[in-house]
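*Asks:* What follows is a predicted structure for the sequence shown.
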Amino acid sequence: QQQVKQSPQSLIVQKGGISIINCAYENTAFDYFPWYQQFPGKGPALLIAIRPDVSEKKEGRFTISFNKSAKQFSLHIMDSQPGDSATYFCAASDGAGSYQLTFGKGTKLSVIP
Amino acid sequence: ETGVTQSPTHLIKTRGQQVTLRCSSQSGHNTVSWYQQALGQGPQFIFQYYREEENGRGNFPPRFSGLQFPNYSSELNVNALELDDSALYLCATGTSQNEQFFGPGTRLTVL
């Protein structure tokens, strides 16, 4: 059972454009929602994270939007750059016990010049 | 770059063998979690250790086991390797809060 659904599977954006990746979750006990960036051959790197008590969080060019009633959250990358080309994963955890992360299947982003 | 290190980088084993993967925690982190990432998929939670005890386990069989040492480093042991165990194995360390920081992973190939 996939508890975090991520879309799209792949995304091509022109340099300077906005990249948008969406995730939906089912488990209402989730209370922590991070985004990770992964380059080929590397481990995932924590980009930005949000908790359900806020609807938006911005760090530099990266913004998370969170809709608790719809059980959806999204990552917006403003002014996308070729160096942003990577695979992005959304994740969620319920903050109880092990804080295990449940990941989406990933979005491969390609930013073309 | 996080302060989490993993060894070895790559490993090739044959079916039925046993493997031990190692992880060194980032300074100040007292939890370690292990994840399996198959090609083209998101990481799947194997288990977590906190204060040297298992503190949660995902849907993996008992032949996946682990240890956490007093210095918070950790080992993942997999017995009776199967072809489907071929994957990138990631460890992630953190404090008792949610933030988890991943190492570079160990690429395991089972032939």
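*Replies:* Here it is on my side, so go on.
*Asks:* which stretches of the chain have low pLDDT?
*Replies:* Picked chain A for this. Chain A contains residues with pLDDT under 70 at A:1-2, A:96-98.
*Asks:* The chain in question should be chain B.
*Replies:* For chain B, the stretches flagged by pLDDT under 70 are B:1, B:96-97.
*Asks:* In it, what residue comes closest to chain A?
*Replies:* Distance from chain A to each residue of chain B (CB to the nearest CB) is smallest for B:G56, at 2.5 Å. (Each C-beta comes from the backbone N, C-alpha and C, glycine too.)
*Asks:* neighbours around that residue, how many?
*Replies:* Counted with other CB atoms under 10 Å in any protein chain shown, residues neighbouring B:G56 total 17.
*Asks:* name the element it belongs to?
*Replies:* strand B:53-57 (DSSP states H and E).
*Asks:* who are the neighbours in contact with the closest residue to A:S55 other than its chain neighbours?
*Replies:* For A:S55, ignoring the flanking residues on the chain, the nearest one in space by CB to CB, 6 or more residues apart in numbering or on different chains is A:F66 at 5.4 Å. Contacts for A:F66 were tallied using CB atoms under 8 Å, 6 or more residues apart in numbering or on different chains; they are A:F33, A:I50, A:P52, A:V54, A:S55, A:E56, A:K57, A:Q72, A:F73.
*Asks:* go on, A:I20?
*Replies:* Counted by CB under 8 Å, 6+ apart, A:I20 has contacts A:L11, A:S74, A:L75, A:H76, A:I77.
*Asks:* A:G17 is in contact with A:S80, isn't it?
*Replies:* Yes: contact status for A:G17 versus A:S80: in contact at 5.3 Å, counting by CB atoms under 8 Å.
*Asks:* Between the contacts of A:I20, which sits nearest B:P61?
*Replies:* Relative to B:P61, the closest of the contacts of A:I20 is A:L75; by CB to CB it sits at 33.8 Å.
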